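A.B. asks: Here is my input, please return the structure:
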Amino acid sequence: MASLLLSPTFLVLALVIAYPLMSAVYQSLFAAESGLDADGFVVEGEAFVGLGNYVDIFAGAESGRFYNALWNTTLFTFVTVALETVIGVAFAVAMNRAFRGRGFLRAAILIPWAIPTAVSGLLWRWIFQSNGIANELLNTQVLWTAEGFAAQAAVIIAEVWKTAPFIGLLVLAGMQLIPEEVYEAAKLDGANAWKQFTTITLPLVRPALLVAVLFRMLDALRMFDLPFVLIGPRKSSVETLSILAWDESNQLQYGTASAFAIILLVYVAVIAFVFIRVLGADVVGDADKQERKAARKQAARAAKEASR
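C.D. replies: Numbering: from 1, shown residues only. Model (predicted):
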(Lines give C-alpha, C1' and ligand atoms only; values in the text may rest on other atoms or scores of the structure.)
Protein backbone atom coordinates (compact mmCIF):
# COMPACT_ATOMS: atom_id res chain seq x y z
CA MET A 1 0.00 0.00 0.00
CA ALA A 2 2.84 2.40 0.84
CA SER A 3 4.54 1.71 -2.49
CA LEU A 4 1.24 2.20 -4.32
CA LEU A 5 0.60 5.56 -2.64
CA LEU A 6 4.16 6.74 -3.31
CA SER A 7 4.25 5.58 -6.92
CA PRO A 8 3.02 8.93 -8.39
CA THR A 9 5.86 10.71 -6.59
CA PHE A 10 8.39 8.15 -7.80
CA LEU A 11 7.07 8.59 -11.36
CA VAL A 12 7.44 12.37 -11.21
CA LEU A 13 10.96 12.06 -9.78
CA ALA A 14 11.88 9.61 -12.52
CA LEU A 15 10.65 12.05 -15.20
CA VAL A 16 12.21 15.24 -13.84
CA ILE A 17 15.40 13.84 -12.25
CA ALA A 18 16.34 10.32 -13.29
CA TYR A 19 15.72 10.65 -17.03
CA PRO A 20 17.50 14.04 -17.48
CA LEU A 21 20.41 12.76 -15.39
CA MET A 22 20.83 9.59 -17.42
CA SER A 23 20.41 11.58 -20.61
CA ALA A 24 23.16 14.00 -19.54
CA VAL A 25 25.51 11.11 -18.68
CA TYR A 26 24.81 9.52 -22.08
CA GLN A 27 25.25 12.83 -23.93
CA SER A 28 28.60 13.47 -22.20
CA LEU A 29 30.03 10.40 -23.95
CA PHE A 30 29.60 11.95 -27.39
CA ALA A 31 31.26 14.85 -29.19
CA ALA A 32 30.09 16.91 -32.14
CA GLU A 33 32.06 16.28 -35.31
CA SER A 34 31.86 17.47 -38.89
CA GLY A 35 33.49 16.33 -42.11
CA LEU A 36 33.04 15.64 -45.80
CA ASP A 37 31.29 12.67 -47.30
CA ALA A 38 32.28 10.87 -50.50
CA ASP A 39 30.53 13.50 -52.60
CA GLY A 40 32.25 16.41 -50.86
CA PHE A 41 29.23 17.56 -48.83
CA VAL A 42 29.58 18.66 -45.24
CA VAL A 43 28.28 16.06 -42.82
CA GLU A 44 27.69 16.90 -39.20
CA GLY A 45 26.89 14.55 -36.37
CA GLU A 46 28.04 13.16 -33.06
CA ALA A 47 30.69 10.52 -32.51
CA PHE A 48 31.11 8.32 -29.48
CA VAL A 49 34.25 9.40 -27.60
CA GLY A 50 33.71 7.62 -24.27
CA LEU A 51 35.48 9.55 -21.51
CA GLY A 52 37.22 11.77 -24.05
CA ASN A 53 35.25 14.85 -23.04
CA TYR A 54 36.23 14.39 -19.40
CA VAL A 55 39.89 13.87 -20.34
CA ASP A 56 39.85 17.06 -22.40
CA ILE A 57 38.26 18.98 -19.52
CA PHE A 58 40.87 17.92 -16.97
CA ALA A 59 43.96 17.73 -19.17
CA GLY A 60 43.11 19.22 -22.56
CA ALA A 61 44.07 22.49 -24.17
CA GLU A 62 41.14 24.31 -22.49
CA SER A 63 41.65 22.75 -19.06
CA GLY A 64 42.87 26.06 -17.64
CA ARG A 65 39.43 27.56 -18.19
CA PHE A 66 37.84 24.66 -16.31
CA TYR A 67 40.16 25.00 -13.31
CA ASN A 68 39.56 28.74 -13.26
CA ALA A 69 35.78 28.18 -13.22
CA LEU A 70 36.18 25.55 -10.51
CA TRP A 71 38.19 27.99 -8.40
CA ASN A 72 35.65 30.77 -8.91
CA THR A 73 32.79 28.45 -7.97
CA THR A 74 34.56 27.35 -4.79
CA LEU A 75 35.59 30.89 -3.88
CA PHE A 76 32.11 32.32 -4.31
CA THR A 77 30.56 29.43 -2.39
CA PHE A 78 32.68 29.48 0.74
CA VAL A 79 33.14 33.26 0.98
CA THR A 80 29.49 34.13 0.42
CA VAL A 81 28.15 31.36 2.67
CA ALA A 82 30.53 32.34 5.48
CA LEU A 83 29.45 35.99 5.29
CA GLU A 84 25.79 35.06 4.93
CA THR A 85 25.98 32.85 8.02
CA VAL A 86 27.35 35.62 10.22
CA ILE A 87 24.98 38.26 8.86
CA GLY A 88 22.02 35.87 8.80
CA VAL A 89 22.46 34.94 12.45
CA ALA A 90 22.65 38.64 13.32
CA PHE A 91 19.43 39.20 11.36
CA ALA A 92 17.74 36.35 13.23
CA VAL A 93 18.74 37.76 16.61
CA ALA A 94 17.40 41.18 15.61
CA MET A 95 14.13 39.78 14.26
CA ASN A 96 13.60 37.61 17.31
CA ARG A 97 13.67 40.49 19.78
CA ALA A 98 10.38 41.99 20.98
CA PHE A 99 10.35 45.72 20.23
CA ARG A 100 8.20 48.28 18.53
CA GLY A 101 8.44 48.06 14.74
CA ARG A 102 9.66 44.45 14.68
CA GLY A 103 7.25 43.60 11.85
CA PHE A 104 8.66 46.39 9.68
CA LEU A 105 12.22 45.21 10.39
CA ARG A 106 11.37 41.63 9.41
CA ALA A 107 9.77 42.78 6.16
CA ALA A 108 12.75 45.03 5.34
CA ILE A 109 15.24 42.22 5.96
CA LEU A 110 13.34 39.69 3.85
CA ILE A 111 12.76 41.96 0.83
CA PRO A 112 16.19 41.26 -0.78
CA TRP A 113 15.56 37.53 -0.66
CA ALA A 114 12.15 37.96 -2.32
CA ILE A 115 13.58 39.88 -5.30
CA PRO A 116 14.31 37.64 -8.33
CA THR A 117 18.01 37.08 -8.86
CA ALA A 118 17.99 38.52 -12.39
CA VAL A 119 16.35 41.70 -11.14
CA SER A 120 18.82 41.85 -8.26
CA GLY A 121 21.69 41.50 -10.73
CA LEU A 122 20.39 44.39 -12.83
CA LEU A 123 19.94 46.50 -9.71
CA TRP A 124 23.50 45.92 -8.56
CA ARG A 125 24.83 46.42 -12.08
CA TRP A 126 23.34 49.89 -11.98
CA ILE A 127 24.87 50.49 -8.53
CA PHE A 128 28.32 49.30 -9.65
CA GLN A 129 28.48 51.35 -12.85
CA SER A 130 31.51 53.58 -13.27
CA ASN A 131 29.33 56.59 -12.43
CA GLY A 132 27.06 54.66 -10.08
CA ILE A 133 26.21 54.97 -6.43
CA ALA A 134 29.02 52.71 -5.21
CA ASN A 135 31.78 54.86 -6.71
CA GLU A 136 30.03 58.02 -5.54
CA LEU A 137 29.90 56.81 -1.95
CA LEU A 138 33.49 55.53 -2.02
CA ASN A 139 34.72 58.58 -3.94
CA THR A 140 36.61 56.36 -6.37
CA GLN A 141 36.49 55.11 -9.95
CA VAL A 142 36.48 51.32 -9.74
CA LEU A 143 35.39 49.30 -12.78
CA TRP A 144 33.24 46.86 -10.83
CA THR A 145 31.65 45.20 -13.86
CA ALA A 146 34.90 44.62 -15.74
CA GLU A 147 37.45 41.91 -14.93
CA GLY A 148 39.53 41.19 -11.84
CA PHE A 149 39.06 41.31 -8.09
CA ALA A 150 36.55 44.17 -8.26
CA ALA A 151 34.16 42.02 -10.30
CA GLN A 152 34.48 39.15 -7.81
CA ALA A 153 33.84 41.55 -4.92
CA ALA A 154 30.75 42.89 -6.71
CA VAL A 155 29.33 39.38 -7.12
CA ILE A 156 30.06 38.52 -3.48
CA ILE A 157 28.43 41.71 -2.18
CA ALA A 158 25.32 41.26 -4.32
CA GLU A 159 25.00 37.57 -3.41
CA VAL A 160 25.38 38.19 0.33
CA TRP A 161 22.88 41.04 0.21
CA LYS A 162 20.30 38.86 -1.48
CA THR A 163 20.61 35.54 0.37
CA ALA A 164 21.71 36.37 3.92
CA PRO A 165 18.01 36.86 4.86
CA PHE A 166 17.38 33.22 3.88
CA ILE A 167 19.73 31.97 6.58
CA GLY A 168 18.29 34.53 8.97
CA LEU A 169 14.77 33.24 8.30
CA LEU A 170 15.65 29.60 9.01
CA VAL A 171 17.67 30.48 12.10
CA LEU A 172 14.78 32.64 13.33
CA ALA A 173 12.46 29.64 13.02
CA GLY A 174 14.87 27.62 15.16
CA MET A 175 15.21 30.39 17.75
CA GLN A 176 11.47 30.62 18.22
CA LEU A 177 11.39 26.95 19.29
CA ILE A 178 13.69 27.62 22.24
CA PRO A 179 11.66 27.76 25.48
CA GLU A 180 11.59 31.24 26.96
CA GLU A 181 12.00 29.69 30.40
CA VAL A 182 15.60 28.84 29.55
CA TYR A 183 16.47 32.49 29.00
CA GLU A 184 14.54 33.58 32.08
CA ALA A 185 16.45 31.09 34.23
CA ALA A 186 19.74 32.32 32.78
CA LYS A 187 18.81 35.94 33.47
CA LEU A 188 17.91 35.15 37.05
CA ASP A 189 21.32 33.52 37.48
CA GLY A 190 23.07 36.63 36.19
CA ALA A 191 24.01 35.60 32.65
CA ASN A 192 24.52 38.53 30.29
CA ALA A 193 23.22 38.71 26.72
CA TRP A 194 26.46 37.47 25.12
CA LYS A 195 26.67 34.45 27.40
CA GLN A 196 23.05 33.59 26.71
CA PHE A 197 23.76 33.78 22.99
CA THR A 198 26.87 31.59 23.06
CA THR A 199 25.66 28.99 25.57
CA ILE A 200 21.94 28.81 24.82
CA THR A 201 21.02 30.25 21.43
CA LEU A 202 23.85 28.94 19.25
CA PRO A 203 23.85 25.35 20.57
CA LEU A 204 20.07 25.04 20.28
CA VAL A 205 19.73 26.56 16.80
CA ARG A 206 22.64 24.48 15.48
CA PRO A 207 20.40 21.97 13.61
CA ALA A 208 18.49 24.74 11.81
CA LEU A 209 21.70 26.65 11.13
CA LEU A 210 23.42 23.60 9.61
CA VAL A 211 20.49 22.92 7.31
CA ALA A 212 20.40 26.58 6.23
CA VAL A 213 24.14 26.60 5.53
CA LEU A 214 23.91 23.33 3.60
CA PHE A 215 21.08 24.59 1.41
CA ARG A 216 22.97 27.81 0.71
CA MET A 217 26.16 25.91 -0.17
CA LEU A 218 24.30 23.70 -2.63
CA ASP A 219 22.67 26.76 -4.18
CA ALA A 220 25.92 28.77 -4.35
CA LEU A 221 27.77 25.89 -6.03
CA ARG A 222 25.28 26.18 -8.91
CA MET A 223 25.64 29.97 -9.15
CA PHE A 224 24.81 31.19 -12.64
CA ASP A 225 22.31 34.01 -13.00
CA LEU A 226 23.83 36.64 -10.68
CA PRO A 227 27.37 36.79 -12.19
CA PHE A 228 25.88 36.29 -15.66
CA VAL A 229 23.60 39.32 -15.33
CA LEU A 230 25.83 41.48 -13.14
CA ILE A 231 29.18 41.01 -14.91
CA GLY A 232 28.37 39.12 -18.11
CA PRO A 233 29.38 35.88 -19.85
CA ARG A 234 32.93 34.86 -20.76
CA LYS A 235 34.47 36.92 -17.95
CA SER A 236 37.21 34.74 -16.53
CA SER A 237 37.21 36.38 -13.08
CA VAL A 238 33.56 35.42 -12.39
CA GLU A 239 33.01 32.44 -14.70
CA THR A 240 31.55 29.52 -12.76
CA LEU A 241 31.02 25.90 -13.74
CA SER A 242 27.37 26.56 -14.53
CA ILE A 243 28.28 29.47 -16.82
CA LEU A 244 30.93 27.31 -18.45
CA ALA A 245 28.40 24.57 -19.16
CA TRP A 246 25.98 27.13 -20.59
CA ASP A 247 28.66 28.60 -22.81
CA GLU A 248 29.58 25.19 -24.21
CA SER A 249 25.95 24.36 -24.95
CA ASN A 250 25.57 27.78 -26.57
CA GLN A 251 28.43 26.75 -28.88
CA LEU A 252 26.48 23.56 -29.71
CA GLN A 253 29.06 21.44 -27.85
CA TYR A 254 26.41 19.48 -26.00
CA GLY A 255 28.74 16.61 -25.08
CA THR A 256 31.23 18.88 -23.36
CA ALA A 257 28.42 20.86 -21.73
CA SER A 258 26.92 17.65 -20.35
CA ALA A 259 30.34 16.61 -19.05
CA PHE A 260 30.65 19.95 -17.22
CA ALA A 261 27.19 19.43 -15.75
CA ILE A 262 28.04 15.92 -14.53
CA ILE A 263 31.29 17.15 -12.95
CA LEU A 264 29.36 19.90 -11.19
CA LEU A 265 26.80 17.34 -10.01
CA VAL A 266 29.54 15.13 -8.55
CA TYR A 267 31.19 18.16 -6.91
CA VAL A 268 27.92 19.22 -5.29
CA ALA A 269 27.21 15.66 -4.13
CA VAL A 270 30.67 15.33 -2.54
CA ILE A 271 30.33 18.66 -0.71
CA ALA A 272 26.87 17.70 0.55
CA PHE A 273 28.03 14.25 1.68
CA VAL A 274 31.05 15.61 3.54
CA PHE A 275 28.98 18.37 5.14
CA ILE A 276 26.32 15.95 6.36
CA ARG A 277 28.78 13.30 7.56
CA VAL A 278 31.16 15.69 9.30
CA LEU A 279 28.72 18.19 10.81
CA GLY A 280 25.70 15.91 11.05
CA ALA A 281 23.11 18.17 9.43
CA ASP A 282 19.59 16.74 9.73
CA VAL A 283 18.29 17.52 6.24
CA VAL A 284 15.23 15.28 6.34
CA GLY A 285 14.03 16.02 9.86
CA ASP A 286 14.14 12.40 11.02
CA ALA A 287 15.31 13.06 14.55
CA ASP A 288 13.63 10.57 16.84
CA LYS A 289 12.19 11.09 20.30
CA GLN A 290 15.49 10.36 22.01
CA GLU A 291 17.15 13.16 20.05
CA ARG A 292 14.39 15.55 21.05
CA LYS A 293 14.81 14.56 24.68
CA ALA A 294 18.53 15.10 24.32
CA ALA A 295 17.83 18.57 22.92
CA ARG A 296 15.70 19.43 25.93
CA LYS A 297 18.42 18.18 28.24
CA GLN A 298 20.92 20.24 26.31
CA ALA A 299 18.74 23.32 26.87
CA ALA A 300 18.74 22.67 30.58
CA ARG A 301 22.51 22.21 30.60
CA ALA A 302 22.93 25.37 28.54
CA ALA A 303 20.91 27.34 31.08
CA LYS A 304 23.07 26.05 33.89
CA GLU A 305 26.22 26.87 31.93
CA ALA A 306 24.99 30.37 31.21
CA SER A 307 24.45 30.99 34.91
CA ARG A 308 28.06 30.22 35.80
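A.B. asks: where does the stretch 51-200 of the chain dip in pLDDT?
C.D. replies: Within the stretch 51-200 of the chain, the stretches with pLDDT under 70 are 98.
A.B. asks: What ranges does it have for its strands?
C.D. replies: Using DSSP state E, counting those that start in this stretch, no strands are found in the stretch 51-200 of the chain.
A.B. asks: Tell me where it has helices.
C.D. replies: Applying DSSP state H, counting those that start in this stretch to the stretch 51-200 of the chain gives helices spanning 52-59, 63-96, 102-114, 117-127, 133-138, 149-175, 180-188, 193-196.
A.B. asks: in the longest one, what's buried?
C.D. replies: Within helix 63-96, the residues that qualify as buried are 65-66, 69-70, 72-74, 76-77, 79-81, 83-85, 87-89, 91-93, 95-96, counting by 16 or more other CB atoms under 10 Å. C-beta here means a position set from N, CA and C on the backbone, and glycine is covered the same way.
A.B. asks: burial measure for residue 159, as a count.
C.D. replies: By the criterion of other CB atoms under 10 Å, residue 159 has 28 neighbours.
A.B. asks: wait, what's in contact with it?
C.D. replies: The neighbourhood of residue 159, defined by CB atoms under 8 Å, 6 or more residues apart in numbering, consists of 76, 80, 84, 220, 223, 226.
A.B. asks: Kindly report the same for residue 205.
C.D. replies: 92, 171, 174, 175, 178.
A.B. asks: change it to 7 Å
C.D. replies: Listed by CB atoms under 7 Å, 6 or more residues apart in numbering, the contact set of residue 205 reads 171, 174, 175.
A.B. asks: Out of the residues you listed, grab the one that's most surrounded.
C.D. replies: Top of these by neighbour count (other CB under 10 Å): residue 171, with 28 neighbours.
A.B. asks: Isn't that one up against residue 209?
C.D. replies: Yes - under the criterion of CB atoms under 7 Å, residue 171 makes contact with residue 209 at 5.5 Å.
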